[in-house]
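Participant: Structure for this input, please:
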Amino acid sequence: MARPPRRLGNLPAEATSFVGRRRELAEVRRKLSEARLVSLVGPGGVGKTRLALRLAGDLGRAFPGGAWLVELAEVRDSALVADAVLAALDLRGQAAATPSAQLLSHLRDKRLLLVVDNCEHLLAPAAGLVADVLRAAPGVRVLATSREPLSVPGEHVVPVPSLDLPRDGVPLARLRQNEAVLLFAARAAAASGAFELTAANQAAVADLCRRLDGLPLAIELAAVRTRVLTAEQILDRLTDRFGLLTGGGRAALPRHQTLRTTIDWSHDLLAAGEQALLRRLCVFAGRFTLEDIESVCAYGDDVPAAYALDLLSSLVDKSLVLKEDVRGLACYRLHEYAGLRLRAAGEHEALGHRYAGYYTTRCWREAATARQRLAEWLDWMDLEIDNLRSVLRGCVTGGDSGRGLSLVYAVGYYWVTRAANEGVRWLEELLGSGGGDPHGRAQGWFMRGFLGVLQSDAAAARPALDEAVTCAREAGLRPVLAQSLSLASIAASMAGDRPASVRLAAEARAATDGLGDDAATLMFLQSRALVGLFDGELDVVRSVAAEGVRLGRATGDLYSLDMMLLNLGAATLIAGELDESEPLLTEALRIAYRIDDRVGQYVLLDALGCHAAGSGLARRAARLLGAAETVRAGAGASLLPYLAPLLARAEELGVAALGASGFAAEYAAGKGLSRDAAVGLALGEPGPAPADAAEESPLGRREAEVARLVAEGLSNKQIGARLFISEHTVDSHVRSILNKLGVNSRAQIAAWMAASKP
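Facilitator: You can find the predicted model right below:
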């Protein structure tokens, strides 16, 4: 049977059943048919996010561009709102343009649904961005959730009330139809495995739902307790707690007080160790792992390291901590409201110091080997970036520029491959404060210059690299000095200042020779190769790039190997040596895809499109060139000048073979390809499974890749080499695959893969 068409978007799968809300679902559907902005507004815990996700899941098929969720709950910095939307749309802030400008350019001709969740703490920047999107992109509709309206022109507000409360004395059959009771019964059955609404407990359940004011979150927190308490016991304990606040009577509390009281009650039922751990977990700004917990939160008699996992498991069982799998790694985050009371109460200052110290130390420790295991390191950074942002924000507000510059430099490859614009903003804030010693400022100015070169922004890169050279000389940082001079030569070439480029290249060579630093040597080789491509010196490019490929392989530096293969492949392609260029370009694309370097991917898709045109494969060429344009726009990257003649020639050949309209149609088809499909086309391989396949398969994306290679008969060592991960990591994935599929041999994995093919 043919696989259903791929549905675009990033909506998460529903972890629990959706209960009720028929009226609200119908009203919002009607509103969205008339308005371009609908805001679901209501108090915390009322279920706005679940309602928005259900609506988006139902309506997404009506939008050719899909439905996309932007989660703002963990964004604490108003300057990062546009970055959060870019990340949700799988775009990269690699351009010198602002993130909002890049976002609006991307959305201008799209027809999609944008779900902007939890706007209340970033109301002004969220409202401003939504207003800009609505003006610039007529095909985009926005569904927002917030505790108060965005107050944007054209906004339609849909209040989200609590669930309908059950009436006294209704028959059991009718009570079963009440939404609040339905929710309690469903969550209690899931939690305890044995709960059932009966004539014996119906009065207690109905009273409990009324006592909790029909708030879904409060009901869910109470329902979890049916593992150890009856509905009557839960009601008695909560009634005692509410009675303290209403003078012993049954007067209704404001909804926010109802929720806060339920959270306090749920917290007070925890054991002392659970309370201590939950309190300490509030220090994390985003997701966290067990290793993070053991390093930051497990200390003292309350939370000994040996019991951290047991305590964490208990908090997960009680729905106060949420577990999710990210690339096969278990990670956690606090329930949105689990820390309300605890954050207000605060934790001793030492915890904040432990948190900042841990991430500073770990980032530097990880950076020491990041080049040799870049793909895995970037996966780790993707998981931890919100915590790093929290530490960096503390450095800015606390005047600790030295620590901040050290951190930004240590994770430099994250900005280079993921978020150049964000890296620039952190550096400009930290460097602009005037703090930090010459050592830290040299590293900071070097990274600012590096990002400027990456963004083809010579005007910003040149003065930054001048500062880096001065500070590096003052601090005696010879590797930073050598790399800064190499980059300065590239920046001068970009600016059209050839004499300065030649002079700086000579200084870079003198600073690099005899240094014995592989990173400095690779940077010098990259500088000579890139400037050679700009100047058309193909023999120079071949020589230095070949040495760069050799050194990149020897050191295991994937980013440099990627760049050097690209340089060597481009030089041979420009020289018309098609057979020699193809394996270089395809190997580079595999690496760029593995480390998710979007700039590298767009250049390589363009280069392989030009190769296809020169090889007489006009349709393939047109599609790859169209796909490259989409990837380039998604990264916000500028077109490299040495590609322009190649692209013009490829288009000329394509039009001659297909006709102008035929070439345009194939180019448009390529623009419509997903990035995964485009890379698969370029490599002559089937692309990764479409997004909807994840719902059909028990395997995650990385596990599916490993399983495919197991089915091809590759050993763990060979799989690790193909995917650029360690053999130990492959072994972990294979064991997980065996467990998930319920099989016990590699042959059975291969058989399962064969049976799963569409």
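
Participant: the strands in the stretch 201-350 of the chain, which residues?
Facilitator: For the stretch 201-350 of the chain, applying DSSP state E, counting those that start in this stretch gives strands covering 321-326, 329-334.

Participant: and these, which is most packed in?
Facilitator: With neighbours taken as mean count of other C-beta atoms under 10 Å, those reach their highest mean count in strand 329-334, at a mean of 18. The way it works is simple: take the backbone N, C-alpha and C, and place the C-beta from them, glycine included.

Participant: Count the neighbours of residue 698 for me.
Facilitator: Residue 698: 14 surrounding residues under other C-beta atoms under 10 Å.

Participant: Would it be right to say that it lies in a helix?
Facilitator: No - following the definition DSSP: H, G, I helix; E, B strand; the rest coil, residue 698 is coil and is not counted among the residues of a helix.

Participant: what about residue 509, neighbour count?
Facilitator: Applying the criterion other C-beta under 10 Å, we find 16 residues in the vicinity of residue 509.

Participant: Pull the contacting residues for it.
Facilitator: By C-beta atoms under 8 Å, 6 or more residues apart in numbering, the contact set of residue 509 is residue 524.

Participant: Need phi/psi at it.
Facilitator: Main-chain dihedrals, residue 509, degrees, to the nearest 10: phi -60, psi -50.

Participant: And for residue 41?
Facilitator: For residue 41, the backbone dihedrals (degrees, to the nearest 10) come out as phi -120, psi 130.

Participant: That one reaches residue 151, doesn't it?
Facilitator: No - in this structure residue 41 lies outside contact range of residue 151 using C-beta atoms under 8 Å: 10.9 Å.

Participant: ok so, going back, make TSV from the strands of the stretch 201-350 of the chain and add distance to residue 395 and mean pLDDT to it.
Facilitator: As requested, the strands of the stretch 201-350 of the chain are arranged in TSV below (distance: least, C-beta to C-beta, whole Å; pLDDT from 0 to 100):
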stretch	distance to residue 395	mean pLDDT
strand 321-326	26	80
strand 329-334	23	82
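
Participant: how does this protein divide into domains?
Facilitator: Segmentation of the chain into domains, based on automatic domain parsing, reads 22-159, 172-268, 272-347, 536-690, 697-756.

Participant: Tell me which of those domains sits nearest to residue 470.
Facilitator: Evaluated over those, closeness to residue 470 peaks at domain 22-159, with 23.5 Å, by C-beta to C-beta.

Participant: Now the closest one: average pLDDT?
Facilitator: For domain 22-159, the mean per-residue pLDDT is 89.

Participant: do stretch 371-387 as well
Facilitator: Per-residue pLDDT over stretch 371-387 has a mean of 89.

Participant: got the contact list for it?
Facilitator: Contact partners of stretch 371-387, identified using C-beta under 8 Å, 6+ apart, comprise 74, 284-289, 292, 326-327, 329, 331, 355, 359, 366, 369-370, 388, 411, 413-414, 417-418, 519, 555-560, 594-596, 723-726, 729.

Participant: hmm, which of these are the buried ones?
Facilitator: Applying 16 or more other C-beta atoms under 10 Å to the contacts of stretch 371-387, the neighbour count classes 74, 284-289, 292, 329, 331, 355, 359, 366, 370, 388, 411, 413-414, 417-418, 519, 555, 557-560, 594-596, 723-725, 729 as buried.

Participant: Can you report how many residues neighbour residue 398?
Facilitator: The local packing of residue 398 (other C-beta under 10 Å) involves 12 other residues.

Participant: who has more neighbours, residue 41 and residue 151?
Facilitator: Set residue 41 next to residue 151 and count neighbours by other C-beta under 10 Å: residue 41 wins out with 21 against 12.

Participant: show me the contacts for residue 93.
Facilitator: The neighbourhood of residue 93, defined by C-beta under 8 Å, 6+ apart, consists of 83, 86, 99, 102, 419-422, 636.

Participant: which residues of this structure fall in strands?
Facilitator: Defined through DSSP state E, the strands belonging to the chain, from first to last, are 37-41, 67-71, 112-117, 140-146, 155-159, 321-326, 329-334.

Participant: beta partners of the nearest residue to residue 155 once chain neighbours are set aside?
Facilitator: Taking C-beta to C-beta, 6 or more residues apart in numbering as the measure, residue 155 lies nearest to residue 37, with 4.8 Å between them; neighbours along the chain are not counted. In this structure, residue 37 bridges to residue 142, residue 155 when assessed by DSSP bridges.

Participant: hey, where'd the helices end up in the stretch 601-750 of the chain?
Facilitator: With DSSP state H, counting those that start in this stretch as the criterion, the stretch 601-750 of the chain has helices at 618-635, 643-658, 660-671, 675-683, 693-696, 701-711, 716-723, 727-741, 746-756.

Participant: Kindly report the same for the stretch 401-550 of the chain.
Facilitator: Assigned by DSSP H, counting those that start in this stretch, the helices in the stretch 401-550 of the chain fall at 401-410, 412-417, 420-432, 438-454, 458-475, 478-494, 498-512, 518-535, 538-555.

Participant: Columns distance to residue 622 and mean pLDDT on top of those, output as a markdown table?
Facilitator: As requested, the helices of the stretch 401-550 of the chain are arranged in a markdown table below (distance: least, C-beta to C-beta, whole Å; pLDDT from 0 to 100):
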| stretch | distance to residue 622 | mean pLDDT |
| --- | --- | --- |
| helix 401-410 | 41 | 93 |
| helix 412-417 | 28 | 93 |
| helix 420-432 | 30 | 93 |
| helix 438-454 | 28 | 94 |
| helix 458-475 | 32 | 95 |
| helix 478-494 | 30 | 96 |
| helix 498-512 | 35 | 95 |
| helix 518-535 | 24 | 95 |
| helix 538-555 | 26 | 94 |
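
Participant: so which of the ones you listed gets nearest residue 642?
Facilitator: Taking C-beta to C-beta as the criterion, helix 518-535 is the member of the helices of the stretch 401-550 of the chain that comes nearest to residue 642, at 4.4 Å.

Participant: looking just at contacts, which helices and strands does the closest one meet?
Facilitator: Of the remaining helices and strands, those touching helix 518-535 by 3 or more C-beta pairs under 8 Å, 6 or more residues apart in numbering; DSSP states H and E are helix 478-494, helix 498-512, helix 538-555, helix 558-574.

Participant: looking at the ones you listed, which is closest to residue 161?
Facilitator: Comparing the helices and strands packed on helix 518-535 by their distance to residue 161 (C-beta to C-beta), the top pick is helix 558-574, with 52.4 Å.

Participant: tilt between the closest one and helix 518-535?
Facilitator: 20 degrees (axes from the mean of the first three to the mean of the last three C-alpha atoms, to 10 degrees).

Participant: on contacts alone, who are the packing partners of helix 558-574?
Facilitator: Judged by 3+ C-beta pairs under 8 Å, 6+ apart, helix 558-574 is in contact with helix 374-397, helix 412-417, helix 518-535, helix 538-555, helix 578-594, helix 598-614.

Participant: With distance to residue 496 as extra columns, can I get those helices in JSON lines?
Facilitator: Formatted as JSON lines, the entries for the helices and strands packed on helix 558-574 read as follows, by distance: least, C-beta to C-beta, whole Å:
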{"stretch": "helix 374-397", "distance to residue 496": "33"}
{"stretch": "helix 412-417", "distance to residue 496": "24"}
{"stretch": "helix 518-535", "distance to residue 496": "10"}
{"stretch": "helix 538-555", "distance to residue 496": "19"}
{"stretch": "helix 578-594", "distance to residue 496": "27"}
{"stretch": "helix 598-614", "distance to residue 496": "21"}
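
Participant: most tightly surrounded among the ones you listed?
Facilitator: With neighbours taken as mean count of other C-beta under 10 Å, these reach their highest mean count in helix 598-614, at a mean of 27.

Participant: Quick one: distance of that helix to the chain centre.
Facilitator: Here the centre of mass of C-alpha atoms in helix 598-614, compared against the chain's by C-alpha atoms, centre = their mean, to the nearest Å, lies 25 Å away.

Participant: packing partners for that helix?
Facilitator: With contacts taken as 3+ C-beta pairs under 8 Å, 6+ apart, helix 598-614 sits against helix 558-574, helix 578-594, helix 618-635, helix 643-658, helix 675-683.
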